[in-house]
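Enquirer: I'll drop the sequence and a predicted model, then ask my questions.
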Amino acid sequence: MAGRLHKKHQFFSRLLLFRGCMTAEEIQNEFLLQYEDEETDPEAMMHAVNKWHEHKQTAIQIDVHSWIDGVRYYGFRQMAAGDDVSQNSWNGLKAISKTVFPFLHLFFRSCLMNKGMTSNKAALSVNCAALLTLQGLLTLNEVKQVLNTLVENKYLCLMNGTDYDIDADTDDVFYVLGPRMFIDCRMFIESASEDINHCDCTLCSEIVICKGFRCKNERCPGVIHSKCAMGYFQTVNNGEYVCPSCQCNIDMSNMDGMSGFIELLAHPNDAVVTAEKLKQSKSPSSESHN
């Protein structure tokens, strides 16, 4: 193993460290601008950089995450609380407000409680004196700036009501947790999910957000990523589709029928209710034992 990374591997590492998670297409475009290189392979570069870091025992790794849009995103994985990756990940938010972190912690927690979805109304509900100290409250303009920055940096992604079959209020905006939350903020997702009733995919055990496959058996607790369900049922060659969670037969004659079992797991504005639950858990009566 060479003592130093190749210059292209160094460029690849800097891209992910300072730009956050990126798709293969975004990485390819950056390399075309820098090196006019049409043969960039992010997967091979990821393995080469990770091998170098393992050799140097730096405890830094690049990870890849398949988000709900089916696209693979590359980025540095958070390895420890407060490490350089996570610190750099949030640096862009510090310029907005020094008090943004208490808000973000509660905001993302309420989002996770609502199957990864949230809204402007939920953000305003989180930003209240019952959840934050007076010093931790943000102005309405700061809340707007934070949400815009989260979208720009792929911590959140905008939800199109038409695409998700949501009857939305015309003055509200809906969001879903973005791919960056599952790479360089993965430790937060894992720690916050420990005491939250979230959905794990029956097939891959990763958290399911927004939409998922359900077999329509009312007693079946299973939820499956759409992509995982597609791969699983494509292996069926006898026309008999069985739910991998409860082993019940699924009323599908072919793969075209699978779309009828993909459903929204919650409504984005339900995050307002989860914010109210957070208020109750932090109320004086609930903390009287302290």
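Expert: Okay, I see it. Numbering: from 1, shown residues only.
Enquirer: where does the stretch 51-200 of the chain have low pLDDT?
Expert: Low-confidence segments of the stretch 51-200 of the chain, defined by pLDDT under 70, are located at 78-98, 129-130, 134-135, 161-165, 167-170, 195, 197.
Enquirer: show me where it has strands.
Expert: For the stretch 51-200 of the chain, the strands defined by DSSP state E, counting those that start in this stretch cover 61-66, 72-77, 117-119, 156-159, 174-177, 199-200.
Enquirer: just checking, what packs against the fourth one?
Expert: Think strand 156-159. helix 140-152, strand 174-177 (3 or more CB pairs under 8 Å, 6 or more residues apart in numbering; DSSP states H and E). To be clear about C-beta, it is placed using only N, CA and C from the backbone, and glycine gets the same treatment.
Enquirer: could you check how far the residue located most distally from the centre of the chain is from Met187?
Expert: Distance from the C-alpha centroid of the chain, by CA atoms, centre = their mean, peaks at Asn238 (35.8 Å). Shown here: Asn238 relative to Met187, a distance of 43 Å by CB to CB, to the nearest Å.
Enquirer: which of the helices and strands packed on strand 156-159 sits most buried?
Expert: strand 174-177 (a mean of 24; mean count of other CB atoms under 10 Å).
Enquirer: re the thing from before, how much space between the residue farthest from the centre of the chain and Asn254?
Expert: Following CB to CB, the distance that separates Asn238 from Asn254 is 12 Å.
Enquirer: likewise for Ser191?
Expert: Shown here: Ser191 relative to Asn254, a distance of 42 Å by CB to CB.
Enquirer: now Val236
Expert: The gap separating Val236 from Asn254 is 9 Å, by CB to CB.
Enquirer: so which of these two has more stuff around it?
Expert: When Val236 and Asn254 are compared on other CB atoms under 10 Å, the one with more neighbours turns out to be Val236, at 14 against 10.
Enquirer: kindly export stretch 214-233 (C-alpha atoms) in PDB.
Expert: The C-alpha trace of stretch 214-233 is given here as PDB (Å, rounded to 0.1, in the frame of the first residue of the first chain):
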ATOM      1  CA  ARG A 214     -47.000  -4.000   3.100                       C
ATOM      2  CA  CYS A 215     -48.800  -7.300   2.300                       C
ATOM      3  CA  LYS A 216     -52.200  -6.100   3.500                       C
ATOM      4  CA  ASN A 217     -52.500  -8.800   6.100                       C
ATOM      5  CA  GLU A 218     -53.700  -6.800   9.100                       C
ATOM      6  CA  ARG A 219     -51.700  -8.900  11.500                       C
ATOM      7  CA  CYS A 220     -48.500  -8.700   9.600                       C
ATOM      8  CA  PRO A 221     -46.000  -6.200  11.300                       C
ATOM      9  CA  GLY A 222     -43.600  -6.300   8.400                       C
ATOM     10  CA  VAL A 223     -42.600  -3.300   6.200                       C
ATOM     11  CA  ILE A 224     -40.200  -3.700   3.300                       C
ATOM     12  CA  HIS A 225     -38.200  -1.200   1.200                       C
ATOM     13  CA  SER A 226     -39.800  -1.000  -2.300                       C
ATOM     14  CA  LYS A 227     -36.400  -1.900  -3.900                       C
ATOM     15  CA  CYS A 228     -35.900  -4.800  -1.500                       C
ATOM     16  CA  ALA A 229     -39.400  -6.100  -2.300                       C
ATOM     17  CA  MET A 230     -38.800  -5.800  -6.000                       C
ATOM     18  CA  GLY A 231     -35.600  -7.800  -5.800                       C
ATOM     19  CA  TYR A 232     -37.200 -10.400  -3.600                       C
ATOM     20  CA  PHE A 233     -40.300 -11.000  -5.700                       C
END
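Enquirer: ok, which stretches of the stretch 101-250 of the chain are helices?
Expert: 120-126, 140-152, 186-193, 226-233 (DSSP state H, counting those that start in this stretch).
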